[in-house]
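Enquirer: Model the following, please.
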Amino acid sequence: MDISTIIGIVAAFLLIVISIAIGGSPLAFVNIPSILITVGGGLSATLTSFPMKDLFSGLKAITKAMNPGLPDPMELTDFLVDVANRARKDGILALESNIDEFYGRDPFFGEIMRMLIDGQDIEEIRSNADSSLMKIEQELSTEVAVWETLGELFPAFGMIGTLIGLIQMLQNLNDPSALGPGMAVAMITTLYGAILANAFCVPVSKKLKLYKDLSLLYKESYMFTVEAINNGTNPNVLRSKLMSLFGIKGGEE
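Expert: From the prediction side, this is the model:
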């Protein structure tokens, strides 16, 4: 569980709400038409940008920003080195009894280990792994792109709402008492768009991008391990390579 994501989002909205409450009436910042334009318009335009399946998958990816389910680098290093040790001591075929464990840790790892145990050529394994990684990277990149798009479109529709409000306000220039409230309502949509983008969508997209890069890094470490086992590399050498890959120094994260 990445508690920083939850704390960050909640704190950002809480501070905004507190500031609004201290400065005046919170109800003055509630405007249903502005919400419809900003939220509804942003979501609708994002749906136009992506297939519905990708949009829903991207929206659900917010759970990954809160709970990525990625292993600890040091724990993963120890596990992979232990696998290499077992293969060196008992032979590659002995690892077949652990294949369910490999799949349970990561289906990608289970698949390439299955190919290794079945005796496939390492170049063929690498080729299949690269194809799988391309598909995985595309899926993860789409999830990031959905939140980046929302972060761009919410402020844009907020500005559209403001322009609509200004036009409606200008129609009442003959009534000076209506100009102040009209201007306030016109600016609310811009506020909504800025809050949704900067306190929610942009941070989520950045967190998802970070976890996407880490996820691909871990999958590359699985391929490192398969190649090391196939080549009979000393497990201590593999440990050094994995620690370097993960940026671990002195045996600690």
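
Enquirer: Cross-check the contact I'm expecting between residue 228 and residue 238.
Expert: Yes. Using C-beta atoms under 8 Å, residue 228 is in contact with residue 238, at 4.3 Å. Yep, even glycine has a C-beta here, placed from its N, CA and C like the rest.

Enquirer: what's the overlap in contacts for the two?
Expert: residue 84 (C-beta atoms under 8 Å, 6 or more residues apart in numbering).

Enquirer: where does the stretch 151-253 of the chain have low pLDDT?
Expert: Applying pLDDT under 70 to the stretch 151-253 of the chain picks out residues 178-182, 250-253.

Enquirer: Can you identify each of the helices in it by residue range?
Expert: Counting by DSSP state H, counting those that start in this stretch, the segments of the stretch 151-253 of the chain that form helices are 179-196, 202-231, 235-246.

Enquirer: okay, these in TSV with distance to residue 17 and mean neighbour count next?
Expert: Shown next, in TSV, are those (distance: least, C-beta to C-beta, whole Å; neighbours: other C-beta atoms under 10 Å):
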stretch	distance to residue 17	mean neighbour count
helix 179-196	10	18
helix 202-231	17	19
helix 235-246	40	17
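
Enquirer: Quick one: closest of those helices to residue 19.
Expert: Closest of the helices of the stretch 151-253 of the chain to residue 19 is helix 179-196, at 11.2 Å (criterion: C-beta to C-beta).

Enquirer: just checking, what packs against that closest one?
Expert: If contacts are counted by 3 or more C-beta pairs under 8 Å, 6 or more residues apart in numbering; DSSP states H and E, helix 179-196 sits against helix 32-35, helix 122-170.

Enquirer: I'd like to know which of those helices lies nearest to residue 215.
Expert: Of all these, helix 122-170 sits nearest to residue 215, with 6.5 Å by C-beta to C-beta.

Enquirer: Please find the angle between the direction vectors of the closest one and helix 179-196.
Expert: Calculated by axes from the mean of the first three to the mean of the last three C-alpha atoms, to 10 degrees, helix 122-170 forms an angle of 170 degrees with helix 179-196.

Enquirer: so what secondary structure elements neighbour helix 122-170?
Expert: helix 32-35, helix 41-49, helix 52-60, helix 107-117, helix 179-196, helix 202-231.

Enquirer: 10 Å instead?
Expert: The elements that helix 122-170 packs onto, with contact taken as 3 or more C-beta pairs under 10 Å, 6 or more residues apart in numbering; DSSP states H and E, are helix 32-35, helix 41-49, helix 52-60, helix 62-66, helix 107-117, helix 179-196, helix 202-231.

Enquirer: Out of the ones you listed, flag the one nearest residue 150.
Expert: helix 41-49 (5.5 Å).

Enquirer: Can you list the buried residues in the closest one?
Expert: 41-43, 45-46 (16 or more other C-beta atoms under 10 Å).

Enquirer: Other residues contacting that helix?
Expert: Residues outside helix 41-49 that contact it (C-beta atoms under 10 Å, 6 or more residues apart in numbering) are 54-56, 58-59, 145-158, 160-161, 189, 192-193, 196-197, 201.
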